[in-house]
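J.: no FASTA, just this:
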Ligand SMILES: [Zn+2]
Ligand SMILES: [Zn+2]
């Protein structure tokens with residue numbers, strides 16, 4: 001049956017199929033990744049909520065109050081320092097004026113000129129202002145010192161409160177970690193609830209259709225889903241457990257392959273093929289490509305595996321001759337002349353229905 005559609009195609013075509021299979025695998029991995037990322041956005045436990053349950057409200061209130069007071073004190077201190085700085089600017093200006101006036105008077109005395117009344121007065125005023133500023137400066141310094149002391153005491157008080165709070169935070173942290181772990185496991189189960197049914201579907205497709213023309217799509221999907229499942233298990237379950245799961249899955253796969261091989265030994269391929277051919281002839285479909293066998297009264301009808309039972313077949317015309325038949329879709333010989341009795345017989349069934357002569361069952365792909 002070398003004329004069936006079992007051609008492998010030119011190498012470039014095969015290369016493209018390989019390339020697109022890899023591409024499809026990557027795209028499916030990507031797509032599943034998006035879904036898994038979305039699952040990851042489900043919100044877990046919030047630490048502040050837990051802290052609220054574990055920390056005493058009185059201490060939290062005191063801590064907040066101390067914080068507020070400290071901020072207020074800080075603002076006051078800054079205010080006083082600003083005022084002091086402005087005051088000192090003024091003081092240094094008076095000081096300069098004073099020095100200049102004193103210098104002028106000294107020069108006047110040297111030259112024997114009497115100082116005028118205006119400069120005397122200005123000097124007196126400068127001295128007054130300078131002294132007043134000095135006094136104000138001192139008062140500000142005292143206030144600043146007081147505020148700094150207050151702030152220090154408050155800081156110590158707050159440290160004390162924080163220490164007490166820290167002692168209470170220990171259990172809160174433990175509880176948070178416990179809830180986080182629980183949440184992680186929940187997410188893992190969500191992900192597996194999404195992945196495992198997919199994996200089951202792919203496994204069924206693999207078992208039933210891996211020899212069909214669409215095998216690369218099944219392989220691509222299967223590898224992608226399997227990969228993401230392994231990653232989820234690896235990410236969410238401790239490696240110690242993961243080891244057992246991975247080895248268990250491998251053992252299952254190897255056993256499955258062994259069983260399949262042993263079964264093939266026990267039930268030869270011929271029986272399997274014969275069953276497939278028989279079922280196809282029963283439905284008037286080509287055993288190789290499932291194209292309807294348009295023969296005899298069924299010449300002008302069309303049907304599929306599903307609709308064949310509902311078909312109304314006209315009666316065979318009187319005197320119609322039985323003829324050899326080749327599938328127009330794939331070229332498989334379906335009915336041919338028997339070598340024994342020269343009547344028309346099924347090409348792909350082992351015995352002639354007229355004379356009972358046995359022929360070797362042909363397998364697709366065998367030439
Ligand atoms: Zn065919
Ligand atoms: Zn025969």
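T.: Received the coordinates, thanks. A quick note: this is a predicted structure, and the numbers were derived from the prediction, not measured. Ligands and ions are numbered 1, 2, ... in the order given.
J.: same for the strand or helix carrying residue 143, what does it pack against?
T.: Assigned by DSSP states H and E, residue 143 belongs to helix 117-209. If you count contacts as 3 or more Cβ pairs under 8 Å, 6 or more residues apart in numbering; DSSP states H and E, helix 117-209 packs onto helix 11-40, helix 47-54, helix 57-111, helix 215-236. For every residue, glycine as well, the C-beta is placed using N, CA and C.
J.: So for ligand 2, which of these sits nearest?
T.: Of all the helices and strands packed on helix 117-209, it is helix 215-236 that lies closest to ligand 2, at 37.8 Å by Cβ to the ion.
J.: Give me the distance from the closest one to the chain's centre.
T.: Averaging C-alpha positions (Cα atoms, centre = their mean, to the nearest Å) puts helix 215-236 13 Å from its chain's average.
J.: Backbone dihedrals for the residue with the largest distance to the centre of the chain, please?
T.: Centroid-distance maximum for the chain: residue 112 at 97.1 Å, with Cα atoms, centre = their mean. The phi/psi pair for residue 112 (degrees, to the nearest 10) reads phi 80, psi 20.
J.: Distance check, it against ligand 1.
T.: From residue 112 across to ligand 1, the span is 139 Å (Cβ to the ion, to the nearest Å).
J.: Quick check: the gap between that residue and residue 100.
T.: Distance, residue 112 to residue 100, using Cβ to Cβ, to the nearest Å: 20 Å.
J.: The least confident helix or strand in the chain by mean pLDDT vs helix 117-209, what angle?
T.: Of all helical and strand segments in the chain, the minimum by mean pLDDT, DSSP states H and E falls on helix 239-266, at a mean of 76. Interaxial angle of helix 239-266 relative to helix 117-209 (axes from the mean of the first three to the mean of the last three Cα atoms, to 10 degrees): 20 degrees.
J.: Residue for residue, what is the longest strand the protein has?
T.: Longest strand in the chain, counting residues (DSSP state E): strand 333-337.
J.: got the buried residues for that strand?
T.: 333-336 (16 or more other Cβ atoms under 10 Å).
J.: and it, anywhere near ligand 1?
T.: No: on the criterion Cβ under 5 Å from the ion, strand 333-337 is out of touch with ligand 1, staying 7.4 Å away.
J.: Now do that strand, average pLDDT.
T.: For strand 333-337, mean pLDDT is 92.
J.: helices or strands up against that strand?
T.: Using 3+ Cβ pairs under 8 Å, 6+ apart, strand 333-337 sits against strand 325-326, strand 344-346.
J.: List the neighbouring strands of that strand plus their orientation.
T.: With DSSP bridges as the criterion, the sheet partners recorded for strand 333-337 are strand 325-326 (antiparallel), strand 344-346 (antiparallel).
J.: contact partners of the longest one?
T.: Outside of strand 344-346, the residues that reach it under the criterion Cβ atoms under 8 Å, 6 or more residues apart in numbering are 281, 322-324, 334-338, 352-354.
J.: which of these sit farthest apart?
T.: Across the contacts of strand 344-346, the longest distance by Cβ to Cβ is 17.3 Å; it joins 281 and 337.
J.: ok, back up a step: restrict the contacts of strand 344-346 to contacts with ligand 2.
T.: Okay, of these touching ligand 2 (Cβ under 5 Å from the ion), that's 338, 352, 354.
J.: Neighbour count for the residues you listed - can I get that in CSV?
T.: Output for those, formatted as CSV (neighbours: other Cβ atoms under 10 Å):
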residue, neighbour count
338, 19
352, 19
354, 14
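J.: what does stretch 112-129 contact?
T.: 90, 94, 97-98, 101-102, 104-105, 108-109.
J.: Residue numbers of the protein in contact with ligand 1?
T.: Near ligand 1, when you scan the chain using Cβ under 5 Å from the ion, you find 286, 288-289, 291, 327, 329-330, 332.
J.: so who does whichever residue of the stretch 201-350 of the chain sits closest to ligand 2 touch?
T.: Of all residues in the stretch 201-350 of the chain, residue 338 sits closest to ligand 2, at 3.0 Å by Cβ to the ion. Counting by Cβ under 8 Å, 6+ apart, residue 338 makes contact with 344-345, 352, 354-355, 357.
J.: Please report phi then psi for it.
T.: Note on residue 338: backbone dihedrals following degrees, to the nearest 10 are phi -70, psi 140.
J.: Any idea which residue of the stretch 151-300 of the chain lies closest to ligand 1?
T.: In the stretch 151-300 of the chain, the residue that lies nearest ligand 1 is residue 286 (3.0 Å; Cβ to the ion).
J.: is it true that that residue touches residue 280?
T.: Yes: assessed by Cβ atoms under 8 Å, residue 286 is found in contact with residue 280 at 6.7 Å.
J.: any idea of the pLDDT on whichever residue of the stretch 51-200 of the chain sits closest to ligand 2?
T.: In the stretch 51-200 of the chain, the residue that lies nearest ligand 2 is residue 200 (47.6 Å; Cβ to the ion). In this model, residue 200 is scored at 88, pLDDT.
J.: Buried residues, the least confident helix or strand of the chain. List them.
T.: With burial defined by 16+ other Cβ under 10 Å, not one residue of helix 239-266 is counted as buried.
J.: any idea of the mean pLDDT in the following helix or strand past that helix?
T.: Per DSSP H and E, helix 239-266 leads on to helix 269-282 as the next helix or strand towards the C-terminus. Average pLDDT, helix 269-282: 83.
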